[in-house]
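Trainee: My questions are about this predicted structure, shown below with the sequence.
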Amino acid sequence: MLGGEVLKKIFLFFTLIGVTLGLVFGIRSAIKNRKNNEVIVELDSGDNYIHELNIPIMEIDSLNPLLTTNKHVSNILQLIYEPLVLISYDETLTPILGIEWAKKDDLNWIVKLRKGVKWHNGTEFTSKDVIFTVNSLLSENVNSLYKSNLLNVLNVEALDEYSVIFTLQEKDDFFIYKLVFPIVPEYYFKNGDILNENKNNIPVGTGAYKYVTTNDIEDYIQIEKNSNWWNHELETKLNTIYLMRYPTYGEAIKSYKSAKVDMIITSMTDWVKKFGTIGNNVYSFESSTFDTIVPNTKRASLAESSVRKALLFAINRENIVSKVFDGNATVTDMPIHNRSKYYFSGLQSEYDLDKAKQVLINAGWKNDGTSWQKNGQRLRFTLLVNEENSEQVRSAEIIKENLSEINIDITIKKISFINLQKALNTDDFDLVLASFDIKNELTILELIQSDSVLNYANFTNQKVDEAVQEVHNNYNEATMQALERGYKDEVPYIGLYFRNSTLLTNKSVKGSIEPRWNYPFANMTTWCK
């Protein structure tokens, strides 16, 4: 790291020389890397940018992408390691290490691999690496963020050096969307070395950046541009990244505020109070966390779509986002990111108390001034909420107030997260304020199809099941829109919002900065300062 008045003068000295030489020869001098505080001067292309960044990496548990359970570390490791496929900005599939795929039959998928890809040490990438990665993820010894992606895999075999075949236990029309896990090198980790701490701390991938060194004195990991990257046509301005290590997120915040690192990602709803806006570039984006009310449709009144619709219309979700999240959330009816090409904004419902009342009246419910009644039933519900989640507790309180305005009585019951999960799994609830991790737009299928284990609402509807099957048969804009119309008509879940995350950078950071829910560092090769 450069620091102190002497080094500042050295930097100024070389900068002044660079400007002078640039006038004569059209070049300038630049600091390209640092080792043991030595300033190394090289000639570059003549632009006016510094092609390096300092970014924080916190609470490191492992630099092996299969082993880390820290989502932040996992995101950073995407700079070093690559998957077979990537879900892009609009949630379509992009081929990475896998270039083609096809179903051989209901249970077998063939994936062709990219040729000419090299691991960072020059070894060839082949089908052996894919097989090793899959078997490692399925190992009992490996606890991974990606393990659930492969629980349906019975076997994986090589058809040749550059193609593999996955055999599934059950049919999965969208299995290819699960191949987003990073591939690790078989030669490097074989013979049980997948758990070798020394090797895990020296990562070897195929990605845009490769590991260079770890500086224990200044506490950073240096990675640099992979000049042999297969994706050589992609613009790369960022040559060197210093991953500044911090034991806690709080320490990283201090470092960002003192400009020791160039960026930070936060899920804080009150980030403005913590960081301010002066001197920051701000990029807000939807996270994968979707908050919704899960109605138990086994309960007689909640089995009626009219009641579920009334709840949706009567909740002022914009008010919750404003009061609880300080605007850092995105209102939505259903679990589909608004960046998806299959997100249809015209299907979103708005807060409307008159419409909520009319829906109930049309369904035969009568209001005596204190509650709604029909066939001896009253609209009174208990809403379970995680007592450890202060934002959800505050949201529940606003929901209770909203529904009281149309005489629907809500009792809030605060319980532990474990007990909340138990209630969902045993159907012991009326309503639950829950969070789901939405990996992609197809998650909606698992939440609403009748036979799915993730259908916590116990929702069943023939027309919706038919719409789900149509998506399986032919996944396109028309079938997805039909499914979403069915979702809106039936309201299987009372959707609230996606929580937002925020990427903050120093004003000096430039480039195509487009963070997304599954990869905040998208397009990082174009960044500089």
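Mentor: The structure has been received and is ready for your questions. Numbering: from 1, shown residues only.
Trainee: In three-state terms, label residue 260 for me.
Mentor: Following DSSP: H, G, I helix; E, B strand; the rest coil, we place residue 260 in the coil state.
Trainee: Show the contacting residues for it.
Mentor: Residues in contact with residue 260 (CB atoms under 8 Å, 6 or more residues apart in numbering) are 54, 244. For every residue, glycine as well, the C-beta is placed using N, CA and C.
Trainee: What backbone torsions are found at it?
Mentor: phi -80, psi -20 (degrees, to the nearest 10).
Trainee: What distance separates the opening and closing residues of stretch 380-391?
Mentor: For stretch 380-391, the first-to-last residue distance is 23 Å (CA to CA, to the nearest Å).
Trainee: Show residues contacting that stretch.
Mentor: Contact with stretch 380-391 is made by 269, 293, 302, 324-325, 371, 392-393, 395-396, 399-400, 408-417, 420, 423, 429-433, 435, as judged by CB under 8 Å, 6+ apart.
Trainee: Sort out for me which of those residues are in strands.
Mentor: Cross-referencing the contacts of stretch 380-391 against strands under DSSP state E gives 293, 409, 410, 411, 412, 413, 414, 415, 431, 432, 433, 435.
Trainee: which stretches of the chain have low pLDDT?
Mentor: Judged by pLDDT under 70, the chain has its weakly predicted residues at 1-47.
Trainee: Break it down into its domains, please.
Mentor: For the chain, the structural domains run 1-45, 79-200, 287-500, going by automatic domain parsing.
Trainee: follow-up on the earlier one: now the ones in strands among the contacts of stretch 380-391 as CSV including distance to residue 318 and neighbour count?
Mentor: Listed next are the ones in strands among the contacts of stretch 380-391 as CSV, based on distance: CB to CB, whole Å; neighbours: other CB atoms under 10 Å:
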residue, distance to residue 318, neighbour count
293, 16, 25
409, 23, 15
410, 19, 20
411, 25, 12
412, 21, 15
413, 26, 17
414, 24, 16
415, 28, 17
431, 20, 25
432, 22, 24
433, 17, 22
435, 19, 17
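Trainee: one step back: closest one to residue 208 among the domains of the chain?
Mentor: domain 79-200 (6.2 Å; CB to CB).
Trainee: if we can go back for a sec, any idea which of the domains of the chain gets closest to residue 253?
Mentor: The nearest among the domains of the chain, by CB to CB, is domain 287-500 at 16.5 Å.
Trainee: Can you get me the start-to-end distance on that closest one?
Mentor: In domain 287-500, first residue to last residue: 5 Å (CA to CA).
Trainee: same deal with stretch 152-172?
Mentor: 9 Å.
Trainee: Now it: buried residues?
Mentor: Neighbour counts over stretch 152-172 (16 or more other CB atoms under 10 Å) mark 152, 153, 156, 162, 163, 164, 166, 168, 172 as buried.
Trainee: how near is the fourth one to residue 483?
Mentor: When distances are taken as CB to CB, to the nearest Å, residue 162 and residue 483 turn out to be 36 Å apart.
Trainee: do the same with residue 140
Mentor: From residue 140 across to residue 483, the span is 37 Å (CB to CB).
Trainee: These two - which one has more neighbours?
Mentor: Shown here are residue 140 and residue 483; by other CB atoms under 10 Å, residue 483 has more neighbours (23 against 5).
Trainee: I'd guess the more buried one is in a strand, am I close?
Mentor: No: the assignment for residue 483 by three-state DSSP gives helix, which leaves it out of any strand.
Trainee: Run through the residues that contact it.
Mentor: Here residue 483 is in contact with 444, 445, 464, 467, 468, 470, 471 (criterion: CB under 8 Å, 6+ apart).
Trainee: go again using 10 Å as the cut-off
Mentor: Neighbouring residues of residue 483 by CB atoms under 10 Å, 6 or more residues apart in numbering: 334, 336, 342, 444-445, 448, 464, 466-471.
Trainee: could I get these as JSON lines with secondary structure, neighbour count and distance to residue 380?
Mentor: What follows is the contacts of residue 483, written out as JSON lines (DSSP: H, G, I helix; E, B strand; the rest coil; neighbours: other CB atoms under 10 Å; distance: CB to CB, whole Å):
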{"residue": "334", "secondary structure": "coil", "neighbour count": "24", "distance to residue 380": "26"}
{"residue": "336", "secondary structure": "coil", "neighbour count": "26", "distance to residue 380": "32"}
{"residue": "342", "secondary structure": "coil", "neighbour count": "21", "distance to residue 380": "37"}
{"residue": "444", "secondary structure": "helix", "neighbour count": "24", "distance to residue 380": "30"}
{"residue": "445", "secondary structure": "helix", "neighbour count": "21", "distance to residue 380": "32"}
{"residue": "448", "secondary structure": "helix", "neighbour count": "26", "distance to residue 380": "26"}
{"residue": "464", "secondary structure": "helix", "neighbour count": "21", "distance to residue 380": "27"}
{"residue": "466", "secondary structure": "helix", "neighbour count": "12", "distance to residue 380": "34"}
{"residue": "467", "secondary structure": "helix", "neighbour count": "22", "distance to residue 380": "32"}
{"residue": "468", "secondary structure": "helix", "neighbour count": "22", "distance to residue 380": "32"}
{"residue": "469", "secondary structure": "helix", "neighbour count": "15", "distance to residue 380": "36"}
{"residue": "470", "secondary structure": "helix", "neighbour count": "17", "distance to residue 380": "38"}
{"residue": "471", "secondary structure": "helix", "neighbour count": "22", "distance to residue 380": "36"}
